[in-house]
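Asker: Predicted model and sequence follow; I will ask about them next.
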Amino acid sequence: MLLQQLINGLTLGSVYALIALGYTMVYGILELINFAHGEIYMLGAYLGIIILGFLTAVGLTAYSMPLALALTLLLTIIFSASYGFTVEKIAYRPLRAAPKLSPLISAIGVSIFLQNYVMITQGSTDKVFPSLIGSAGFTVLSTRVTMLQAAIIVVSGIIMALLHAFIRSTRTGKAMRAVAQDRSMAALVGINTDTIISVTFIIGSGLAAIAGLMVSMYYGLVNYFIGYSAGIKAFTAAVLGGIGNIPGAMFGGILLGLIESLGAAYISSEYKDAYAFIILIVILLVRPTGLLGRDVEEKI
Amino acid sequence: MSLLDIRGVSKHFGGIRAIEDISFSLKSSTIMSIIGPNGAGKTTLFNCLTGFIKPTKGTIVFAGTDISGFSADRVTRLGIARTFQNIRLFGGMTVIENVMVAQHATIRSNLFSIITRTGTFKETERSVRETAYEYLEFMGLESAAEHTAGSLPYGAQRRLEIARTLATGASLILLDEPTAGMNPLETDGMMQMIKNIREMGKTVIIIEHDMKFVMGISDRIVVLDHGVKIAEGMPKEIKNNPLVIEAYLGKEAH
């Protein structure tokens, strides 16, 4: 029972972590809470269904399922990243010099726009993600783990490790850290800060799209408002770990998934969605910088 | 031909004329100092030169290109880099990373290349690291390469900031009070390092208050007062210029 809940929590938490990374990276660089980020996750889920449907229609899924899934993942990432890139360019970049509240309001506007855009183009009813892998799975220590759960945990783990290595040691990763620490100084050592901001949105959106695709496969149902609650929870995860802190977002996401899953099993499943917010309130009261966050003086 | 040509540059902040109609030019491989009392407009001039702020009037021609109005990163890629009076390192990154990140400038980067470049990442990464290490050796910081930049002692942070400007590949280096807060020994070391930078073929402009330092290092000196250039010349000409003495000490009592 406990192990089962831990597996469920880890699955959920991996997804929160992937989305939380997008929040935290954008916050680290722009000090903007990108409220439209949950919508990119939702778009990822829809794009996954559309692309997989298309690949099935042309016969690729029947030919080779792994190939179809890999191609779906790749195309979903590319399309969602284009959405993220475009949102930044249209809705945030023109407000770069404006007071901090302006891009925040713009983000809320983008969020509402994208929800309605999907509702109008895709309809307001649930879309079903075709069950491809079914409920196949394996049993470890008398605990049932589905292939999909294992895939979500493994894929998320690999992606987070890659992201960590990317930010740690590539030139672009270093430039991202430099921009996060001091944007105008980064420009003075020759870094094109606009490009780096775009890259940040592209990576964050790609991660959210992966999460969206995996969750829609996991739950099998998608609708236009799933981005809201997933977004808010992932945001909570980012705050829990310390907003702006990348390992913090990974840690916060997984911790939140575990808390939700264990809370639902041992306390009450009625309040499943409330645990995230109870934690958010407690963290803001007790340790506003997050679990891994450090006190930083307010940037000017 | 001169490397830098400043023609009639002014910067106004509302009604305040921070600098007014400044002109001078500078040859390659020379050290120029800009001096003047506090509030003379020295740092504003630096900010205009680096694209940090845009001049209200006038043109800045660097290596044949009119750079007035260019963004900061573009100016850096063309070859002007600077340090700050209050040190601005990337404090959370290591010493060598601070230098490596500045080498970004020497490589053409656009979105496409950033995404595709990761393939050849290993080789370029190694050569970037080696070059960064050379800059650290040049500034005497090689033993601190893996330390966090923010943990370095003050003098070393200043040297790291200079190493970082060199790593951008800039041919014109602007140093804003490089010896501020240094003891006489460190100041002498800094003087030698700046001379070494000139020997590399680079051009240096320094803002400095330490007159002994300025007179000892400069090939040319420009004097600003209240945003206006009041004198320009070799150190010995400046030393005896009555306008300069007046700006610093006030009008002699009659």
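Answerer: Okay, I see it.
Asker: Low-confidence bits of the stretch 151-300 of chain A, can you list those?
Answerer: Judged by pLDDT under 70, the stretch 151-300 of chain A has its weakly predicted residues at A:293-300.
Asker: for the residue of it found nearest chain B, helix, strand, or coil?
Answerer: Proximity of the stretch 151-300 of chain A to chain B (CB to the nearest CB) peaks at residue A:190, 2.4 Å away. The way it works is simple: take the backbone N, C-alpha and C, and place the C-beta from them, glycine included. Three-state call for residue A:190 (DSSP: H, G, I helix; E, B strand; the rest coil): coil.
Asker: repeat for residue B:20
Answerer: strand.
Asker: Next, count neighbours for it.
Answerer: For residue B:20, the neighbour count with other CB atoms under 10 Å in any protein chain shown is 19.
Asker: That one touches residue B:228, doesn't it?
Answerer: Yes. With contacts counted by CB atoms under 8 Å, residue B:20 reaches residue B:228, the gap being 5.3 Å.
Asker: now the end-to-end length of stretch B:25-38.
Answerer: 23 Å (CA to CA, to the nearest Å).
Asker: Do me a favour and average the pLDDT over it.
Answerer: Mean pLDDT, computed over stretch B:25-38, is 90.
Asker: Name the residues that touch it?
Answerer: B:2-6, B:42, B:45, B:171, B:194-195, B:198, B:201-209, B:211, B:214, B:217-225, B:230, B:238, B:247-248 (CB atoms under 8 Å, 6 or more residues apart in numbering or on different chains).
Asker: Over to stretch A:80-89?
Answerer: Contacts for stretch A:80-89 (CB under 8 Å, 6+ apart): A:22, A:36, A:40, A:43-44, A:47, A:110, A:114, A:197-198, A:201-206, A:208-209, A:212.
Asker: List the contacts of residue 12.
Answerer: Answering for chain A, as no chain was given. A:257, A:260-261.
Asker: could you do chain B instead?
Answerer: B:18, B:56.
Asker: what about it, is that helix, strand or coil?
Answerer: strand.
Asker: Which per-residue confidence value corresponds to it?
Answerer: Looking at residue B:12, the pLDDT reads 89.
Asker: Inside helices: which ones of the contacts of residue A:12?
Answerer: A:257, A:260-261 (DSSP state H).
Asker: who in the stretch 151-300 of chain A is up against chain B?
Answerer: A:166, A:169-172, A:174-175, A:177-178, A:181-182, A:184-193, A:195, A:198-199 (CB under 8 Å from any CB of the partner chain).
Asker: Tell me the buried residues within those.
Answerer: The neighbour count (16 or more other CB atoms under 10 Å in any protein chain shown) marks A:170-172, A:174-175, A:177-178, A:181-182, A:185-193, A:195, A:198-199 as buried among these.
Asker: Helices - which of the residues you listed land there?
Answerer: A:171-172, A:174-175, A:177-178, A:181, A:185-188, A:193, A:195, A:198-199.
Asker: if I look at residue A:157, how far off is residue B:215?
Answerer: Distance of residue A:157 to residue B:215, computed by CB to CB, to the nearest Å: 63 Å.
Asker: Show me where the chain has its helices.
Answerer: Let's take chain A. A:2-30, A:37-57, A:60-63, A:65-87, A:101-122, A:147-169, A:171-181, A:183-188, A:193-219, A:226-241, A:246-266, A:274-286.
Asker: hmm, I had chain B in mind actually
Answerer: Counting by DSSP H, the helices of chain B are B:42-49, B:72-78, B:95-102, B:111-116, B:121-138, B:154-167, B:184-199, B:211-217, B:235-239, B:242-249.
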